[in-house]
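> Can you look at this prediction? I've put the sequence above it.
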Amino acid sequence: MRLLVATNNPGKYRELREGLAPLGWELASLLDYPFKMPPEEGASFEDNAMLKAAFACRQTGLLTLADDSGLEVDALEGEPGVYSARFGGRKSDLERNIYLLERLKGVPAEKRTARFVAVLAVAHPQGFMQLFRGVTEGLILEAPRGENGFGYDPLFFVPEAGKTFAEMSLEEKAQYSHRGKALAELLEAYKDGFRIPEASSSE
């Protein structure tokens with residue numbers, strides 16, 4: 001089975017590649033198919049994941065996996081949400097982390113609750129799609145911790161693990177992260193091989 005992983009984010013691709021390894025599928029990335037992806041204009045993570053998966057599937061004719069994920073901060077009424085990768089118009093992970101800390105300045109620790117959400121959409125050339133969703137609850141720290149990961153990982157503390165995502169190994173993050181949980185659902189769905197589901201989401 002050949003699967004296109006439709007992301008330009010090297011951190012996401014690495015996590016998805018490691019998570020999909022048990023399936024033994026041959027993976028391709030957008031580096032192999034360097035077409036321009038459509039803008040992420042959906043109102044939800046599901047919308048964006050389906051949009052990207054369907055578009056890349058049509059472009060290549062391959063079974064395609066697309067991810068959309070982001071951070072929801074309760075004190076910011078769910079921001080940055082689907083705008084996590086372009087929060088406040090900032091260009092880099094560091095700038096977005098600084099902006100997030102600025103927005104949360106003065107917010108006490110107990111009110112800095114947040115969650116990471118990931119949605120994986122698998123689009124099949126025959127025209128159907130499956131969605132897998134994972135959520136991890138946590139807290140936004142007042143200063144970054146850890147050198148691993150990407151995005152908001154240094155600020156996102158997982159009480160269950162006692163670490164930020166950036167302090168975790170790849171194996172630990174796979175266990176606790178939103179993307180790891182969505183991947184676990186996907187692996188369960190495909191553990192006996194690929195088959196057309198009886199009921200699925202449409203494009």
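Yep, that arrived.

> T136 looks like it's in a strand, true?
Yes: assigned with DSSP: H, G, I helix; E, B strand; the rest coil, T136 falls within a strand.

> hang on, it packs against A174?
No: if you go by C-beta atoms under 8 Å, T136 and A174 don't touch, sitting 11.5 Å apart. Backbone N, C-alpha and C define where each C-beta goes, glycine included.

> distance of A161 from K191?
26 Å (C-beta to C-beta, to the nearest Å).

> Walking through the protein, point out its helices one by one.
10-20, 45-60, 93-103, 170-176, 178-190 (DSSP state H).

> Would you convert these into JSON lines that also reports mean neighbour count?
Shown next, in JSON lines, are the helices of the chain (neighbours: other C-beta atoms under 10 Å):
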{"stretch": "helix 10-20", "mean neighbour count": "17"}
{"stretch": "helix 45-60", "mean neighbour count": "21"}
{"stretch": "helix 93-103", "mean neighbour count": "16"}
{"stretch": "helix 170-176", "mean neighbour count": "16"}
{"stretch": "helix 178-190", "mean neighbour count": "19"}
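
> Any idea which of those gets closest to P39?
Closest to P39 of the helices of the chain, according to C-beta to C-beta: helix 45-60, at 9.0 Å.

> which strands and helices sit next to the closest one?
Using 3 or more C-beta pairs under 8 Å, 6 or more residues apart in numbering; DSSP states H and E as the contact test, the elements touching helix 45-60 are strand 2-5, strand 63-73, strand 113-123, strand 128-140.

> From A143, how far out is the spatially most central residue of the chain?
By C-alpha atoms, centre = their mean, the chain has its centre lying nearest to S69, at 3.6 Å. According to C-beta to C-beta, S69 and A143 sit 23 Å apart.

> now L65
For L65 relative to A143 (C-beta to C-beta), the value is 34 Å.

> Present the helices of the chain as JSON lines; the columns should include mean pLDDT and distance to Q126.
Supplementary listing: these in JSON lines, determined by pLDDT from 0 to 100; distance: least, C-beta to C-beta, whole Å:
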{"stretch": "helix 10-20", "mean pLDDT": "87", "distance to Q126": "20"}
{"stretch": "helix 45-60", "mean pLDDT": "96", "distance to Q126": "10"}
{"stretch": "helix 93-103", "mean pLDDT": "97", "distance to Q126": "37"}
{"stretch": "helix 170-176", "mean pLDDT": "91", "distance to Q126": "30"}
{"stretch": "helix 178-190", "mean pLDDT": "93", "distance to Q126": "16"}
